[in-house]
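Asker: Attaching a predicted model along with its sequence, questions to come.
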Amino acid sequence: MYARIVLVVFSAGHLVGTIAGGFWFDHFDSHLLLALAMLGLAVVGAFIPWCPMWGILILNFVLLGCMTGCFETGGNAYCVNLWGKESGPYLQAIHFVFAIGAAVAPLIAAPFLMPQQSFVSTTLNESSTISPTDLPFLTNSTFPYRSQYDISCAHCDIGANDVIPVHESNNSFFSTEGNNTLQLAPSLQIWIPYTILSLYNLLVSLPFFCLFVIEGRRVNLPEKERENASDPHNVVFVEKNQKYFVFSLLILLGTFVFVYYGHETIYANFLYTFAISSGLGFTPELAAYLNAAYWGSIAGFRFLSIFCATKVTPKTLLTVASIGMSLSSAALALFGNDVAEVLWAATVLLGASVASVLPACISWTEGYIKLTGKAMAVITGSAACADISLPWLMGHLFSVFGMEILMYTMLAVSLATAVIYFGMQVFATKYGNRFGDETSQKTSNV
């Protein structure tokens, strides 16, 4: 229960941070904003294991979510503003590194999290084990967990079935006092992964502080981007870029990102449970491998997308991704409940299809409107809303229709994503690409 509360407040803070970060990015120095966000992540992250009260822990996770969202919005906007129509490969690289970090963070934390330890009940005088779902309260030291099927949050590295470390010595996570009292004792290990990540965040903040001191608000753009500023096509764009077009495109964009990201997070969160419940003979270990194959496919094809983004346009990448999502989801809906080989193959294809969508969407949008901080907040805020709401909705559908509904939901969401993208493309094409001929934007999307 308490871990769920932590995840909810983190997600709420993340949503607030993505929106606020967009406004701050347009009114404050971008280097200072990114530096302060990373410094805040370092300070708050290091303090979390030592929170003395439940309320302070909640506050810390709200702040952690806010600063994570702020850096996410500001980082994407900074990359687009720095490289302009050349930003495609760089956006792909940023999102690829994020996938690597999501995979590495649990490996950093794992050595410091004992798999299962015993504590002695002073009332029953017998050894017992305790899992995160059995915790009566959390006070002195906490390490929140996220669904074991979702590795997208680098700050939440304990799976739903993992057991929080408990020791019987002064190294214990819990200690017993009195007859029935189970209290938290300071942990000598849980703070180590938090400290490692905090030091990393601190190091990342230093270059941005240096850029703030050296350059202030000035950003040195590549020579090609300076040439784009005097491009006559930009003059045409200014005449066509009416408020109606910008507002309408952002609405379509927000809807597209909400549906796409909901697709990704639903499948990531529930694939493991589906495999276990499917009757296809998946053991927990094999289901974990299936889930790893999905994330490995995403990470691998994000890496390949770095090079693809230098050769093809954002429109091509998004079109191929939409087709791939639809085909793989159709295979899952038809055979995923009955044929294990199809489940494996379609899962890998689905991961490959969704890998480049978000960075490609950002690059595609930059081709039609100027991506300010507020515009970027529409993208990151829509993704945050999907991450909060759609897994909960999927869980409700599971309870009503059973696990088989997952694959049919994936097909419906994939088709909706393709339809919305087609509508965005038709609408935007009427106003023209702001960089002129879209073939010149080959390096702008991923």
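Answerer: That came in fine, so what should we check first?
Asker: which one's the longest helix in the chain?
Answerer: helix 243-277 (DSSP state H).
Asker: How far away from the center of its chain is it?
Answerer: Centroid separation between helix 243-277 and its chain, computed with CA atoms, centre = their mean, to the nearest Å, is 12 Å.
Asker: And the helices in this structure?
Answerer: Using DSSP H, helices in the chain cover 2-27, 30-47, 54-83, 88-109, 191-215, 223-229, 232-240, 243-277, 284-308, 314-335, 340-354, 357-366, 373-401, 405-429.
Asker: need those helices in CSV with mean pLDDT and mean neighbour count, can you?
Answerer: Heads up, the C-betas are built off the backbone N, CA and C, glycines and all. CSV is the format used below for these (pLDDT from 0 to 100; neighbours: other CB atoms under 10 Å):
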stretch, mean pLDDT, mean neighbour count
helix 2-27, 82, 20
helix 30-47, 89, 22
helix 54-83, 87, 23
helix 88-109, 79, 19
helix 191-215, 86, 16
helix 223-229, 44, 12
helix 232-240, 45, 13
helix 243-277, 89, 20
helix 284-308, 88, 18
helix 314-335, 93, 21
helix 340-354, 93, 20
helix 357-366, 89, 28
helix 373-401, 87, 19
helix 405-429, 92, 19
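Asker: Remind me what the longest helix of the chain packs against, helices and strands.
Answerer: Counting contacts by 3 or more CB pairs under 8 Å, 6 or more residues apart in numbering; DSSP states H and E, helix 243-277 packs against helix 284-308, helix 340-354, helix 357-366, helix 373-401, helix 405-429.
Asker: Please work out the angle formed by the directions of the first one and helix 88-109.
Answerer: Angle of helix 284-308 versus helix 88-109, following axes from the mean of the first three to the mean of the last three CA atoms, to 10 degrees, is 150 degrees.
Asker: how about the helices and strands packed on helix 243-277, which one is nearest Phe212?
Answerer: helix 373-401 (16.4 Å; CB to CB).
Asker: Does anything pack onto the closest one? Which helices or strands?
Answerer: Using 3+ CB pairs under 8 Å, 6+ apart: helix 373-401 touches helix 2-27, helix 54-83, helix 243-277, helix 357-366, helix 405-429.
Asker: Reformat the ones you listed into a markdown table and put distance to Ala42 next to each item.
Answerer: Shown next, in a markdown table, are the helices and strands packed on helix 373-401 (distance: least, CB to CB, whole Å):
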| stretch | distance to Ala42 |
| --- | --- |
| helix 2-27 | 16 |
| helix 54-83 | 9 |
| helix 243-277 | 27 |
| helix 357-366 | 26 |
| helix 405-429 | 36 |
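Asker: Quick one: closest of the ones you listed to Phe96.
Answerer: Closest among the helices and strands packed on helix 373-401, using CB to CB: helix 357-366, at 8.7 Å.
Asker: For the closest one, report the contacting residues that lie outside it.
Answerer: With CB atoms under 8 Å, 6 or more residues apart in numbering as the test, helix 357-366 has contacts from 76, 80, 84-85, 87-88, 91-92, 94-95, 249, 253, 256-257, 260-261, 302, 305, 309, 314-315, 317-318, 321, 371, 375-376, 379, 383, 441, 444-446.
Asker: Cross-check the contact I'm expecting between Ile5 and Gly55.
Answerer: No: between Ile5 and Gly55 there is no contact under CB atoms under 8 Å: 11.3 Å.
Asker: Leaving out chain neighbours, which residue sits closest to Cys70?
Answerer: Nearest residue to Cys70, sequence neighbours excluded (CB to CB, 6 or more residues apart in numbering): Gly21, at 3.4 Å.
Asker: Same check on Ala330?
Answerer: Nearest to Ala330 is Leu411, by CB to CB, 6+ apart, at 5.8 Å.
Asker: ditto for Ser297
Answerer: Per CB to CB, 6+ apart, closest to Ser297 is Gly351, 3.0 Å.
Asker: Which residues are in contact with that neighbour?
Answerer: Per CB under 8 Å, 6+ apart, neighbours of Gly351: 293-298, 301.
Asker: One more pass at 10 Å, please.
Answerer: Gly351 makes contact with 264, 267-268, 293-302, 324, 328 under the criterion CB atoms under 10 Å, 6 or more residues apart in numbering.
Asker: That one and Phe209: what is the separation?
Answerer: 37 Å (CB to CB, to the nearest Å).
Asker: Over to Asp387?
Answerer: 30 Å.
Asker: Tally up the residues packed near the nearest residue to Ser277 once chain neighbours are set aside, please.
Answerer: Of all residues not flanking Ser277 in the chain, Met403 sits nearest, at 4.5 Å (CB to CB, 6+ apart). As a burial measure, Met403 scores 17 neighbours (other CB atoms under 10 Å).
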